[in-house]
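Engineer: got a predicted model here, sequence first, then my questions.
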Amino acid sequence: MASLTIRKLDEGVKTYLRLRSARNRRSVEEEVRVILGELIEGREEPLTPFSAPPEASPAPASLRSSAVPEASVTLIIGGGIAAFKSLDLIRRLKERRIEVRCVLTKAAEQFVTPLSVSALSHERVHTDLFDPQSEFDAGHIRLARDCDLIVVAPATADLMAKMANGHADDLASAILLATNRKILLAPAMNPLMWNNAATRRNVAQLQRDGVLLIGPNSGEMAEAGEAGVGRMSEAIEIATAAEKLLRPPVPRPLAGKRVLITAGPTHEPIDPVRYIANRSSGKQGFAIAAAAQAAGAEVILVSGPVDLDDPAGVTVKHVESARQMLEQVQSALPADIAIFAAAVADWRVANEGEQKLKKTSAGMPPLQLVENPDILATISKLADKRPPLVIGFAAETEHLIDNAKSKLARKGCDWIVANDVSPATGVMGGDRNTVHLISKNAANSEITVDSWPVMTKEQVAIELVAHIVKSVTHTSVDKSANKFSEPAS
Ligand SMILES: Cc1cc2nc3c(=O)[nH]c(=O)nc-3n(C[C@H](O)[C@H](O)[C@H](O)COP(=O)(O)O)c2cc1C
């Protein structure tokens, strides 16, 4: 029979199930079984499937989506003195939004009670391989697989011996044999047990099998006057190690780099109510800001008037005109990388009207235009404070590559992202972009044109940031992130 993974259900359904099972003092799984049974017997009162029951609506903030656990652990508690620390471990995991389902060995029940474990985990505790309530649909297999990680704490000498030899004669060892999830062991035992040749052999075998270990630490034992290697790692250490396995650190290749980005159009005032503008939406520049931020950079985004939300974690300076944009760009320096994606107006009105221009019998007022500051050229040609990598955008409607190449030379930047903004392409204001990355080799000034396929603006941003990462860093992903302490021998 197919098994149901509660954690993969819709958030609304999960919240409803949690509230209903808490109200009926049942585990979530038991509640699902009851609901299914009632449905089959046709007794279930009609409920809006995804809404909480009346007395529970609205769900308390702690149960709403942001607080819903995102990962789950099956915690196996072995029969050792350190089992009391596992009660704290349950709390530590839950405060990290990790769902915990607990299994106690028979020996563990001598040290902690199923009642306290279930009160802390808010779930039914599993103790018996031959439990008809759980096993009608192979409960031990669900405990082995309907989780993201199995933690064994304390991992007794006995439990490790069983694992190393593939035993499955109780619930804990059957789960450990039936799982395809990572296993993290927190051994705890007397130093003589830990150093015994049989334990050494078993630990070595488990490590060869890919099982991860945390600890044991060195220190005083529960037995009076005994000390050495064998103390279980502290709950906080185990919870941190579990969280690292469940949520591996995201690579941040631009950490420590400051990236300055411009985006959007500029508005050049004619009078207090009218302005000259262009059709830029700012979407491409905003997407680059978000991608650079996700890569770990400190991002300053100078944006013209747009209808977009500020990207999270980015410092945004809102401006109107080209001159204001230049001012903000200059005050944001120094930067490691500057990306000028804004569609800055080339011209502005020479004599901006102080009052709204009126229709007169003298005919239309003449609009005298003057050139705006060239932000890309100004920053590219700075003697000091020039960012080591300056990237411009070229929005062209004809002779795209040729115009972009000459722009690269004229402006003095390092790369140009050229995009065809003819109305037929739908690039201006649209969600997709077809770009050509034109770059100058710093060593021999050779120009390279790299044409990318049509992509969403987010994909273009990610691709551009990947190119930047390649060019400004030589860092590789920290492969030590998931390593745990080797057991002492
Ligand atoms: C008071 C007491 C404390 C124990 N502490 C430990 C311990 O810390 N580590 C260990 O490996 N075994 C310890 N044991 C032995 C285990 O409880 C015993 O090997 C048991 O069979 C383990 O069962 P389990 O691995 O199924 O939990 C202790 C036994 C007693 C009576």
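Structural biologist: Arrived safely. Numbers count the residues shown, from 1 in each chain.
Engineer: now do the strands in the stretch 151-300 of the chain.
Structural biologist: With DSSP state E, counting those that start in this stretch, the ranges of strands along the stretch 151-300 of the chain come out as 182-187, 212-213, 217-220, 227-231, 258-263, 268-269, 275-276, 298-303.
Engineer: tell me which of the ones you listed sits most buried.
Structural biologist: Sort the strands of the stretch 151-300 of the chain by mean neighbour count, taking mean count of other C-beta atoms under 10 Å, and strand 258-263 sits at the top with a mean of 28. The way it works is simple: take the backbone N, C-alpha and C, and place the C-beta from them, glycine included.
Engineer: quick one, that strand and strand 298-303 angle?
Structural biologist: Put simply, strand 258-263 runs at 20 degrees to strand 298-303, going by axes from the mean of the first three to the mean of the last three C-alpha atoms, to 10 degrees.
Engineer: now do strand 258-263: everything it contacts.
Structural biologist: 282, 284-286, 288-289, 292, 297-304, 306, 325, 329, 332-342, 344, 375, 387 (C-beta atoms under 8 Å, 6 or more residues apart in numbering).
Engineer: near the ligand, which residues of the stretch 1-150 of the chain show up?
Structural biologist: 78-82, 105, 107-108 (C-beta under 6 Å from any ligand atom).
Engineer: just put the residues you listed in TSV and tack on pLDDT, secondary structure and neighbour count.
Structural biologist: Shown next, in TSV, are these (pLDDT from 0 to 100; DSSP: H, G, I helix; E, B strand; the rest coil; neighbours: other C-beta atoms under 10 Å):
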residue	pLDDT	secondary structure	neighbour count
Gly78	98	coil	29
Gly79	97	coil	19
Gly80	96	coil	29
Ile81	94	coil	16
Ala82	96	coil	26
Thr105	97	coil	24
Ala107	98	coil	17
Ala108	98	helix	26
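Engineer: wait, which of the strands of the stretch 151-300 of the chain is closest to Asp402?
Structural biologist: strand 258-263 (24.3 Å; C-beta to C-beta).
Engineer: could you point out which element follows the helix or strand of the chain with the lowest mean pLDDT?
Structural biologist: Here the helix or strand of the chain ranked lowest by mean pLDDT, DSSP states H and E is helix 132-135, holding a mean of 69. Sequence-wise, the next helix or strand downstream of helix 132-135 (DSSP states H and E) is helix 139-145.
Engineer: walk me through the domains of the protein.
Structural biologist: For the chain, the structural domains run 1-45, 69-246, 258-349+368-471, going by automatic domain parsing.
Engineer: before we move on, the earlier item: drop anything exposed from the contacts of strand 258-263.
Structural biologist: 282, 284-286, 288-289, 292, 297-304, 306, 325, 329, 332-333, 335-342, 344, 375, 387 (16 or more other C-beta atoms under 10 Å).
Engineer: filter the residues you listed down to the ones in helices?
Structural biologist: Among the buried ones among the contacts of strand 258-263, DSSP state H puts 284-286, 288-289, 292, 325, 329, 332, 375 in helices.
Engineer: which stretches of the stretch 301-450 of the chain form strands?
Structural biologist: Under DSSP E, counting those that start in this stretch, the stretch 301-450 of the chain gives strands at 315-318, 337-340, 347-349, 369-371, 389-396, 415-420, 432-433, 435-440, 447-451.
Engineer: which one of those is the most hemmed in?
Structural biologist: Greatest average neighbour count among the strands of the stretch 301-450 of the chain goes to strand 337-340 (a mean of 28), per mean count of other C-beta under 10 Å.
Engineer: find the nearest non-adjacent residue to the closest residue to the ligand within the stretch 151-300 of the chain, please.
Structural biologist: Of all residues in the stretch 151-300 of the chain, Thr156 sits closest to the ligand, at 3.2 Å by C-beta to the nearest ligand atom. Leaving aside its sequence neighbours, Thr156 sits nearest to Gly78 (C-beta to C-beta, 6 or more residues apart in numbering; 4.0 Å).
Engineer: tell me the contacts of the one you found?
Structural biologist: Counting by C-beta under 8 Å, 6+ apart, Gly78 has contacts 105, 107-108, 152-156, 158-159, 172, 188.
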